[in-house]
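*Asks:* For reference, the sequence and a predicted model appear below.
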Amino acid sequence: MKLDLFIARKIRNKENSDRTVSSRIIKIAILAVSLGIVLILISISVGFGFQEKIKEKTKAFSGDSIIIPFENNSSVISSNPVSVNELLNSDILLNDFLESYHLIINKAGIIKFKNEFDGIIFKGIDKNFDKKKSLFSNFSGSNLSFNNEISNQILLSKYIANKLSIKVGDKLELYFDLDKFSFPVKRNFTVSGIYETGFNEYDENYGFVDVRHLQKINKWNSNQYGGIEIFYKKNTDNSSFSKLLYNNLPSDLDLIKLEDRYKTIFDWIKLFDFNILIIILVVFIVATLNMSTALLTLILEKTKTIGILKSIGANNYLLQKIFLWNGLFILLKGIFYGNLIGLVLIIIQKAFGLVKLDPSIYILDKVPVIIDFEIILFVNFGIILVCMLSLVIPSLIISRISPSKVIRIQ
């Protein structure tokens with residue numbers, strides 16, 4: 001065993017058994033590092049968890065990108081159709097990086113139930129638009145049925161249902177706007193299901209109906225839709241493939257990425273990166289200050305030992321390594337307990353979802369967490385590197401300790 005490591009272990013064992021000032025300072029340093037690691041792990045896990053889950057939910061509703069005519073890109077309402085056959089014939093929708101696509105039509109209208117009215121956007125969906133757990137946080141009733149006949153069913157949000165006192169099975173009168181020169185078209189629908197997403201833009205504005213019904217009202221043929229929602233395969237470079245897809249589209253069609261459609265939401269979740277960075281910087285500063293204080297206290301308390309070792313031939317470099325080893329022992333102990341506590345808390349939240357959220361504010365009904373071991377290892381190695389570099393400065397005081405003076409004073 002190396003001499004510096006051997007002496008460092010002897011000093012550490014003595015500190016663990018003594019009730020000295022340095023032993024108390026060391027315990028505080030270990031506690032500070034542990035709490036800092038717990039805080040970093042939770043902030044990273046929750047921050048990235050929020051980003052992933054919110055992106056997943058917005059993607060489930062709207063796809064990674066949407067293809068629409070240029071005339072429609074300033075409005076959510078489908079005023080001009082897209083010919084799907086044209087895109088299929090040119091293999092645009094058959095690329096390997098595409099997982100699936102949904103054919104949709106958005107149309108403004110009014111719901112009437114008894115004597116109550118409410119404006120709504122009817123989103124026409126096809127059979128590929130299935131009910132997913134990531135889509136609806138709460139759901140009662142049944143999904144739309146897509147048989148040979150056009151469905152007269154509608155899915156309404158819990159928000160709209162409560163507003164108009166509607167429940168599953170109720171008959172509604174729906175009025176669809178055609179143009180400013182025509183009277184609205186009236187149709188009778190039945191509520192097949194009531195959903196809740198926590199995504200206010202959908203809960204307050206949208207109802208889902210069979211897309212073929214809207215084709216019929218718009219007098220479009222079976223090949224014409226208001227837009228095509230594109231879903232990319234996982235681990236796909238969305239930006240690159242969006243650009244590739246856009247460059248292959250006909251000149252009258254536009255492709256809008258998810259981030260551009262919901263810019264406010266994505267600007268909000270980008271703030272999590274900044275918040276995580278601030279937390280990491282604060283923890284690094286606190287950890288390095290506590291570790292430096294602990295090591296400096298230990299050095300000052302061991303001046304007699306340093307003087308004796310110098311008197312028998314130990315140089316400053318050897319003594320620095322001895323105390324840096326002690327600093328590393330303290331740091332690793334704090335990191336071990338911090339990782340243990342942090343990961344246990346994250347796993348408990350992931351398994352049981354104990355910490356709940358208000359979905360009307362946060363879109364999600366519980367605090368989401370993810371465990372990314374690459375990031376965890378990076379943070380751990382980062383804090384070890386930064387703290388150990390910072391400990392070099394207080395260890396330099398060893399060179400100013402004179403053996404003759406220290407031994408004489410003692």
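*Replies:* Perfect, thanks for sending it.
*Asks:* List the contacts of Val191.
*Replies:* Val191 makes contact with 141, 153-156, 161, 166-170, 172 under the criterion Cβ atoms under 8 Å, 6 or more residues apart in numbering. Using the backbone N, CA and C atoms, a C-beta is placed for each residue, glycine as well.
*Asks:* Most neighbours among those, which one is it?
*Replies:* Leu156 (30 neighbours; other Cβ atoms under 10 Å).
*Asks:* tell me the pLDDT at that one?
*Replies:* Model confidence at Leu156, given as pLDDT, is 93.
*Asks:* Run me through the strand neighbours of the helix or strand it falls within, direction for each.
*Replies:* Leu156 belongs to strand 153-157 when assigned by DSSP states H and E. Paired neighbours of strand 153-157 in the sheet (DSSP bridges): strand 185-196 (parallel), strand 206-210 (antiparallel).
*Asks:* just to revisit the earlier point, which of the contacts of Val191 sits closest to Asp96?
*Replies:* Closest approach between the contacts of Val191 and Asp96, by Cβ to Cβ: Leu155, at 32.2 Å.
*Asks:* now the closest one: how far from Ile111?
*Replies:* 12 Å (Cβ to Cβ, to the nearest Å).
*Asks:* what is in contact with these two at once?
*Replies:* Gly207.
*Asks:* hmm, back to that, looking at the contacts of Val191, which is nearest Ile312?
*Replies:* Nearest to Ile312 among the contacts of Val191, with distances taken as Cβ to Cβ, is Leu155, at 83.9 Å.
*Asks:* Ser78 reaches Lys107, doesn't it?
*Replies:* Yes. Proximity of Ser78 to Lys107 meets the contact threshold set by Cβ atoms under 8 Å, at 6.5 Å.
*Asks:* elements contacting the host helix or strand of Val282?
*Replies:* Taking DSSP H and E as the criterion, Val282 maps to helix 263-301. In terms of contacts (3 or more Cβ pairs under 8 Å, 6 or more residues apart in numbering; DSSP states H and E), helix 263-301 is packed against helix 21-62, helix 316-352, helix 373-395.
*Asks:* Just name the most buried of those helices.
*Replies:* Counting by mean count of other Cβ atoms under 10 Å, helix 21-62 has the highest mean neighbour count of the helices and strands packed on helix 263-301, with a mean of 20.
*Asks:* That helix - what's its average pLDDT?
*Replies:* Mean predicted lDDT for helix 21-62 stands at 87.
*Asks:* Let me know the angle separating it from helix 263-301.
*Replies:* 170 degrees (axes from the mean of the first three to the mean of the last three Cα atoms, to 10 degrees).
*Asks:* returning to what we had before: which one's more surrounded, Ser78 and Lys107?
*Replies:* Comparing Ser78 with Lys107 by neighbour count (other Cβ under 10 Å), the higher total belongs to Ser78, at 26 against 23.
*Asks:* what number of residues lie near the nearest residue to Phe70 once chain neighbours are set aside?
*Replies:* Spatial nearest neighbour of Phe70, chain neighbours left out: Asp254 (4.9 Å); criterion: Cβ to Cβ, 6 or more residues apart in numbering. Neighbour count of Asp254, defined by other Cβ under 10 Å: 16.
*Asks:* I'd say Asp254 and Pro69 touch.
*Replies:* Yes. Asp254 lies in contact with Pro69 (Cβ under 8 Å); the separation is 7.1 Å.
*Asks:* give me the element the nearest residue to Phe61 once chain neighbours are set aside is part of.
*Replies:* Spatial nearest neighbour of Phe61, excluding adjacent residues (Cβ to Cβ, 6+ apart): Tyr202 at 6.0 Å. According to DSSP H and E, Tyr202 maps onto helix 200-203.
*Asks:* How about Ser140?
*Replies:* Per DSSP H and E: Ser140 is located in strand 138-141.
*Asks:* what about stretch 80-99, start to end distance?
*Replies:* 26 Å (Cα to Cα, to the nearest Å).
*Asks:* how far does it sit from the chain's center?
*Replies:* Put simply, stretch 80-99 sits 31 Å off its chain's centre (Cα atoms, centre = their mean, to the nearest Å).
*Asks:* Run a quick neighbour tally on Leu396.
*Replies:* Leu396 has 11 nearby residues by other Cβ under 10 Å.
*Asks:* In terms of pLDDT, where does it sit?
*Replies:* Looking at Leu396, the pLDDT reads 81.
*Asks:* leaving aside the residues next to it on the chain, what's closest to it?
*Replies:* The nearest residue in space to Leu396 (Cβ to Cβ, 6+ apart) is Gln320, at 7.5 Å.
*Asks:* And for Ile228?
*Replies:* Ile67 (4.4 Å).
*Asks:* and the residue nearest to Phe70, what are its bridge partners?
*Replies:* Ile68.
*Asks:* what is the rounded mean pLDDT of stretch 183-200?
*Replies:* 87.
*Asks:* Correction: the previous question concerned stretch 295-311.
*Replies:* The model assigns stretch 295-311 a mean pLDDT of 78.
*Asks:* again with stretch 271-286
*Replies:* 88.
*Asks:* next one: stretch 368-376
*Replies:* pLDDT averaged over stretch 368-376 gives 91.
*Asks:* any idea where the helices of the stretch 101-250 of the chain begin and end?
*Replies:* 158-164, 200-203, 211-218, 238-247 (DSSP state H, counting those that start in this stretch).
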